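[1] Turn this into a structure:
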Amino acid sequence: MSKRRTGVATAALLAVAVMWTVPATADDEPTETEQHCAVMLDRSIDDPQTNPVETESVDLGCFDTLTQAVSVGTNGAVAPVSGHIVKRVSFREAMRQLMTEEDPEKTFLIGIEWTLVNHDGGSRSYYFDRACNSNPIEVNIGATWNDKFESGKGFSGCGNNRKFEHVNQQGDVKICSPNCSSYHALNNNVSSLRWKE
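    Numbering: from 1, shown residues only. Presented below is the predicted three-dimensional model:
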């Protein structure tokens, strides 16, 4: 089993353990309680040279706070503090450390999408086995979260992020460099994503 697949399996097991203590909604659907969900992106084609990198979503679960979702997505490298949300400065520092440490089992937070403008509401955070580079990372959002996002941020060197109206990176596009507080005409109309440095 490759190290990347071992990391995905470890993250999935951690998600199952956390889900016993943190309530999740059926089918990981966003609800009025503003769930925060974590998604590991797995390569559709197991070739690191594929350009762009096409991925499939592996849901890790939904949680009450963004910090809990990030903790699961990063294999515990960022952990909730006594069930409270980590202060923004602490969260930023933890993310900086995650992006600079060398570890083959590490996962990278590459983007967070929110259901409301100004990075508010429920969220879905995306993780991958490397930081962004010139080789784009792409994913279709899927039926559950399709047409739900209104704002987003890029992380781990993902400074050129695109939100597409249709699946397979088609239709109208909103470019975020790296963050957008609103997708304007594409609010609640995003079906696929692309991250790139």
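
[2] Please make it C-alpha for all contacts and neighbour counts, starting now.
    OK.

[3] Verify the stated contact: Ser182 with Trp114.
    No - contact criterion C-alpha atoms under 8 Å: Ser182 and Trp114 do not qualify, at 9.6 Å.

[4] shared neighbours of those two, which are they?
    150-152 (C-alpha atoms under 8 Å, 6 or more residues apart in numbering).

[5] Can you give me every residue that contacts Asn146?
    188-191.

[6] Swap in 6 Å and give it another go.
    Ser191 (C-alpha atoms under 6 Å, 6 or more residues apart in numbering).

[7] What of the one 4 residues further on?
    Counting by C-alpha under 6 Å, 6+ apart, Glu150 touches 115-117, 182-183, 187-188.

[8] quick check, nearest of the shared contacts of Ser182 and Trp114 to Leu109?
    Nearest to Leu109 out of these is Gly152 (C-alpha to C-alpha; 12.6 Å).

[9] these two touch, right, that closest one and Gly111?
    No - Gly152 lies out of contact with Gly111 (C-alpha atoms under 6 Å); the separation is 7.2 Å.

[10] Look at those two and report which has more neighbours.
    Gly152 (27 against 22; other C-alpha atoms under 10 Å).

[11] show me where pLDDT drops low in the protein?
    1-33, 45-50, 79-105 (pLDDT under 70).

[12] so where's the longest strand in it?
    When the chain is parsed with DSSP state E, its longest strand is strand 53-63.

[13] Now do stretch 119-136: distance from first to last residue.
    End-to-end distance of stretch 119-136: 23 Å, with C-alpha to C-alpha, to the nearest Å as the criterion.

[14] got the buried residues for it?
    For stretch 119-136, the neighbour count (16 or more other C-alpha atoms under 10 Å) marks 119, 121-132, 136 as buried.

[15] helices or strands up against the strand or helix carrying Leu41?
    In this assignment (DSSP states H and E), Leu41 forms part of strand 36-43. Secondary-structure packing of strand 36-43 (3 or more C-alpha pairs under 6 Å, 6 or more residues apart in numbering; DSSP states H and E): strand 53-63, helix 66-73, strand 120-128.

[16] a markdown table please, covering these and showing distance to Ser44.
    Below are these laid out as a markdown table (distance: least, C-alpha to C-alpha, whole Å):
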| stretch | distance to Ser44 |
| --- | --- |
| strand 53-63 | 5 |
| helix 66-73 | 19 |
| strand 120-128 | 12 |
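
[17] hang on, the earlier thing: give me the helices and strands touching the longest strand of the chain, please.
    strand 36-43, strand 137-140.

[18] ok, which stretches of the protein are strands?
    Going by DSSP E, the chain shows strands at 36-43, 53-63, 108-116, 120-128, 137-140, 151-154, 160-166, 170-176, 192-196.

[19] Could you pull up the residues touching Asn118?
    By C-alpha under 6 Å, 6+ apart, the contact set of Asn118 is Ser181.
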